[in-house]
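Q: test case, fold it:
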Amino acid sequence: MAKAIWNGVILAESNQTELVEGNHYFPPDTINRAYFQESDHHTVCSWKGTASYYNIAVNGQTNQNAAWYYPTPKPAAKNIAGYVAFWKGVQVES
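A: Numbering: from 1, shown residues only. Down below sits the predicted model:
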């Protein structure tokens, strides 16, 4: 079971993550949406497409753009459509 943890809180937990480039992508229905805020930040990957980001807010602290997902990925990455990955200090245990 993979878990994403930040600031002492479990943000996501699943035994069905997709592992891409060393990152666990969590199914969208396994994240605790109470801690996620839409961000206006986007990046582009040549083979996955355009990523959208979430800010993570826990216990009065915000981790800007700490989670990302591909709402409409390119065909090569269709298996992670909507799945969420983490960085910026979010610990992912598997």
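
Q: do you have the strands of this structure handy? List them.
A: 2-6, 9-14, 18-20, 23-25, 36-45, 49-58, 61-69, 84-86, 91-93 (DSSP state E).

Q: who touches the fifth one?
A: Spelled out, it's strand 36-45. Defining contact as Cβ atoms under 8 Å, 6 or more residues apart in numbering, one finds that strand 36-45 is touched by 11, 50-57, 62, 64-65, 67-68, 70, 77. C-beta: built from backbone N, CA, C; applies to glycine.

Q: same deal with the second one?
A: Counting by Cβ under 8 Å, 6+ apart, strand 9-14 makes contact with 1-5, 26-27, 30-32, 35-36, 56, 58-59, 67, 84, 86, 90, all of which sit outside it.

Q: out of those residues, which are buried?
A: 2-5, 26, 30-31, 35-36, 56, 58, 67, 84, 86, 90 (16 or more other Cβ atoms under 10 Å).

Q: what's the farthest-apart pair in those?
A: Ala2 and Val58 (18.5 Å; Cβ to Cβ).

Q: look up phi and psi at the nearest residue to His24 once chain neighbours are set aside.
A: Excluding the flanking residues, the one nearest His24 by Cβ to Cβ, 6 or more residues apart in numbering is Thr17, at 4.1 Å. Backbone torsions of Thr17, given as degrees, to the nearest 10, read phi -80, psi 160.

Q: ok, Thr17 to Gln61 distance?
A: 25 Å (Cβ to Cβ, to the nearest Å).

Q: all good on my end, thank you.
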